[in-house]
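Q: With the input below, show me the fold.
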Amino acid sequence: MDRMIRKLALSLSVVVLVALGVIVFGRLANTDIQAIVLTTLFFGAFAVVLFLVIRRRRELLGWLAVPFVVTAGLAGVWLGLPLLTDSTVDEQVVTAPSVSSTANASQTQENRLVASGQFEAASHPGSGKASIVEKPDGAGVVTFTDFETDNGPDLVVYLVPADSPAGSDEGAIDLGALKGNQGNQQYAIPAGTDLDEDWRVVVWCRAFTVSFTEAPLS
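A: Predicted structure coming up:
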């Protein structure tokens, strides 16, 4: 029984170490490509170490190799698959008139356009318009229109103060997971946020800790 427990502990250790390696090397990299390269090198080095251990103790083959292959495979799918696919959404977003607009629609007359800007490339290309709109009840939303960027793992939408360092998430307000890397979409801004502060909208990849695309607002 003790031997079985030790082997189970070894298997769990492999899973934990592989997961930690993905997290650590993802955060060390400056771009998602660097993160993928570093993670791949880590997997290779880890596999070599396991091979050396298993060569001396063949009875550990299943207890070490299987959890490594499964965990590394799942991590590879999670990190790599979004880079090969697109996710398109088409939500009905709120609108508001520009300062010079004379729009007659009741909805646009009731909402206030606080700021807007165009998405620009960061670590990935980006296009489309981001806007902060204040509703009549004071609630704020961020809208994306004609938006497009590359897909990726664990992408989220942040409001980042305009004076934060470029490419950083310093002082970020989390608006939730990115709904799609293409199309029109809308995100609620947490209550109490100063909508009139200078912001930029950032599509942030938490897995690789890099900005995919940003929209400075004015």
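
Q: where exactly do the helices run in the chain?
A: 2-28, 32-56, 61-80, 106-110 (DSSP state H).

Q: list the buried ones in the second one?
A: Burial within helix 32-56, assessed by neighbour count using 16 or more other CB atoms under 10 Å, is assigned to Asp32, Gln34, Ala35, Ile36, Leu38, Thr39, Phe42, Phe43, Phe46, Leu50, Ile54. Every residue, glycine included, has its C-beta placed from N, CA and C.

Q: can you check the first one too?
A: Buried residues in helix 2-28, defined by neighbour count with 16+ other CB under 10 Å: Ser11, Val14, Leu17, Val18, Gly21, Val22, Phe25, Gly26.

Q: Redo the residues you listed as CSV? Include pLDDT and distance to Val89.
A: Putting those into CSV (pLDDT from 0 to 100; distance: CB to CB, whole Å) gives the following:
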residue, pLDDT, distance to Val89
Ser11, 93, 40
Val14, 93, 38
Leu17, 92, 37
Val18, 91, 33
Gly21, 88, 33
Val22, 84, 27
Phe25, 80, 31
Gly26, 74, 26
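
Q: pLDDT weak spots in this structure?
A: Low-confidence regions of the chain, defined here as pLDDT under 70, cover residues 1, 29-32, 98-109.

Q: what does the domain assignment say about it?
A: According to automatic domain parsing, the chain is divided into the following domains: 2-84, 89-216.

Q: so what's the most centrally placed residue in the chain bridging to?
A: If you average the C-alpha coordinates of the chain and look for the closest C-alpha using CA atoms, centre = their mean, you land on Leu155, 1.9 Å from that point. Listed by DSSP bridges, the beta-bridge partners for Leu155 are Cys205.

Q: Tell me how far it lies from Val93.
A: Taking CB to CB, to the nearest Å as the criterion, Leu155 is separated from Val93 by 18 Å.

Q: ok, back up a step: turn the helices of the chain into a markdown table, including distance to Phe119.
A: Compiled in a markdown table, the helices of the chain are given as follows (distance: least, CB to CB, whole Å):
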| stretch | distance to Phe119 |
| --- | --- |
| helix 2-28 | 23 |
| helix 32-56 | 17 |
| helix 61-80 | 23 |
| helix 106-110 | 22 |
